[in-house]
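Q: Have a look at this fold, sequence not included:
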């Protein structure tokens, strides 16, 4: 069997656990899955993976001017643009997920915030199997103003968006963003093992007061990416009613 392992579960979504790959290849795979779902060729996919080498991913509409390209080149950090929205994420000490499904999917579908909440519930279940307990950020009183304020910072983990998962001190553990195409959705997300470091590769981006937090700090022990991926897979399995 190759490094890339896929397991079809039931007749609905497929679980894919991929070996780490370069940023361009990871985005190509996710976009191909979104296109396949939009065409009706597949019902949906949950894909868990990593990046090698480390990669700074930018949201679909984020300006490249946000990035300190010299610092990225110096440290061997790739730069890639995601098909999903949101702000910059450094994919290094973390696990990345991609959920692709129809917007009408009974488990993960719905309007953007509804589907985001449903997907985060699955991630929260997985994290709880490790002993990490999270809470979603409450919906702000003014969603548009909140979105504008989020777009004003370059670093995804500088501030949480609605429904993103936080620890009990309000620190962001999971950053997520969505894209939609022809009745299908793609949600990307990064689950941190270590506190975020994207600010070091972004122009003028200061470390936020609260910022993000990693699973290792919350648990007070070394957690491998493989252990985190296995926990996330378990959370998605439970949410989807897949056989254990």
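A: Arrived safely, thanks for sending. Given the structure is predicted, the values throughout are model-derived calculations rather than measurements.
Q: just for this structure, where's the confidence low?
A: 1-11, 138-152, 205-210, 243-244 (pLDDT under 70).
Q: Now do the strands in it.
A: 5-8, 14-17, 44-49, 55-58, 78-81, 89-91, 94-102, 135-136, 165-166, 174-181, 184-192 (DSSP state E).
Q: Could you pull up the residues touching residue 86?
A: 59, 62, 156, 161, 175, 176, 177, 188 (CB atoms under 8 Å, 6 or more residues apart in numbering). For every residue, glycine as well, the C-beta is placed using N, CA and C.
Q: how much space between the fourth one and residue 70?
A: Pointing back at residue 161 there. 29 Å (CB to CB, to the nearest Å).
Q: quick one, which of the two is more surrounded?
A: residue 161 (22 against 9; other CB atoms under 10 Å).
Q: my guess is the more buried one contacts residue 153, does it?
A: No: in this structure, residue 161 is not within contact of residue 153 by CB atoms under 8 Å, at 10.9 Å.
Q: residue closest to the middle of this structure?
A: Nearest to the mean C-alpha position of the chain, by CA atoms, centre = their mean, lies residue 189 at 0.6 Å.
Q: Which residue is the nearest non-sequential neighbour of it?
A: residue 176 (3.9 Å; CB to CB, 6 or more residues apart in numbering).
Q: okay but that neighbour is in contact with residue 115, surely?
A: No: judged on CB under 8 Å, residue 176 makes no contact with residue 115 at a distance of 10.3 Å.
Q: Now list whatever residues contact both of the two.
A: Any residue near both residue 176 and residue 115 by CB under 8 Å, 6+ apart counts here, and that gives residue 187.
Q: For the residue nearest to the centre of the chain, give me its contacts.
A: Counted by CB under 8 Å, 6+ apart, residue 189 has contacts 96, 97, 98, 99, 119, 123, 174, 175, 176, 177.
Q: which residues does it form a beta bridge with?
A: Counting by DSSP bridges, residue 189 is bridged to residue 97, residue 176.
Q: Residue 40 versus that one, what's the distance?
A: Relative to residue 40, and taking CB to CB, residue 189 is found at 25 Å.
Q: same question, residue 217
A: Residue 217 is 43 Å from residue 40, by CB to CB.
Q: Tell me which of these two has more neighbours.
A: Per other CB under 10 Å, whichever of residue 217 and residue 40 has more neighbours is residue 217, with 17 against 11.
Q: ok, the more buried one touching residue 195?
A: Yes: using CB under 8 Å, residue 217 is in contact with residue 195, at 6.9 Å.
Q: Could you report the separation of residue 216 from residue 228?
A: In terms of CB to CB, residue 216 sits 9 Å off from residue 228.
Q: Counting neighbours around each, name which of those two comes out higher.
A: Shown here are residue 216 and residue 228; by other CB under 10 Å, residue 228 has more neighbours (24 against 17).
Q: burial measure for residue 136, as a count.
A: 17.
Q: An error on my part: the question was meant for residue 17.
A: The burial count for residue 17: 18, using other CB under 10 Å.
Q: which residues does it bridge with?
A: Residues in beta-bridge contact with residue 17 (DSSP bridges): residue 5, residue 48.
Q: Surely it and residue 49 touch.
A: Yes: contact criterion CB under 8 Å: residue 17 and residue 49 qualify, at 7.3 Å.
Q: In this structure, where's the longest helix?
A: helix 112-130 (DSSP state H).
Q: Compute the inter-axis angle for it and strand 94-102.
A: 140 degrees (axes from the mean of the first three to the mean of the last three CA atoms, to 10 degrees).
Q: Can you give the contact residues for helix 112-130?
A: 97, 99, 103, 105, 107-110, 133-134, 136, 139, 143, 162-165, 173-174, 176, 178, 180, 185, 187, 189, 191, 215, 219, 223, 227-228, 231-236, 238-240.
Q: mind listing what residue 27 touches?
A: Contacts of residue 27 by CB under 8 Å, 6+ apart are 57, 80, 81, 82, 83.
Q: With that, I have no additional questions.
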